[in-house]
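> Sequence and predicted structure are below.
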Amino acid sequence: MEAKPTLICDRCHVELEEAEAQFLYLGNKMRHKVPRCPQCGLVYLPESLVTGRMRKLEEALEEK
Ligand SMILES: [Zn+2]
């Protein structure tokens, strides 16, 4: 099992919950699970994760 780091909301100081978010990128709908604050609704998106996925998607589209 992979140990997940616990993420805490800076504003509310509560543990973030995993929630499914929908993105629209280059006309494609993408679903991805992201940590979200149950109190203020803040979504935590690590930039490395987002850019990494976007690059992968772009590469996949170019190959077609
Ligand atoms: Zn919060």
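Yep, that arrived. Residues are numbered from 1 along each chain as shown.
> near the ion, which residues of this protein?
Proximity of the chain to the ion (Cβ under 5 Å from the ion) is limited to residues Cys9, Arg11, Cys12, Cys37, Gln39, Cys40, Leu42. For every residue, glycine as well, the C-beta is placed using N, CA and C.
> Just to be sure, which of those are found in strands?
Using DSSP state E, the subset of the residues of the chain next to the ion located in strands is empty.
> so which one among the residues you listed has the lowest pLDDT?
Within the residues of the chain next to the ion, pLDDT reaches its minimum at Leu42, with 87.
> Nearest spatial neighbour of that one, chain-adjacent residues omitted?
Excluding its sequence neighbours, the residue lying closest to Leu42 (Cβ to Cβ, 6 or more residues apart in numbering) is Cys9, at 5.8 Å.
> Quick one: residues contacting that neighbour.
Contact partners of Cys9, counting by Cβ atoms under 8 Å, 6 or more residues apart in numbering, are Glu15, Leu16, Cys37, Gln39, Cys40, Leu42.
> ok so, going back, show me which of the residues of the chain next to the ion are buried.
The neighbour count (16 or more other Cβ atoms under 10 Å) marks Cys9, Cys37 as buried among the residues of the chain next to the ion.
> Please tabulate the residues of the chain next to the ion in a markdown table and include distance to Gly52 as additional columns.
Output for those, formatted as a markdown table (distance: Cβ to Cβ, whole Å):
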| residue | distance to Gly52 |
| --- | --- |
| Cys9 | 24 |
| Arg11 | 27 |
| Cys12 | 28 |
| Cys37 | 23 |
| Gln39 | 28 |
| Cys40 | 26 |
| Leu42 | 21 |
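> Check the gap between the closest residue to Leu7 other than its chain neighbours and Arg31 for me.
Leaving aside its chain neighbours, Leu7 sits nearest to Leu16 (4.3 Å; criterion: Cβ to Cβ, 6+ apart). Plainly put, Leu16 is 18 Å away from Arg31 if you go by Cβ to Cβ, to the nearest Å.
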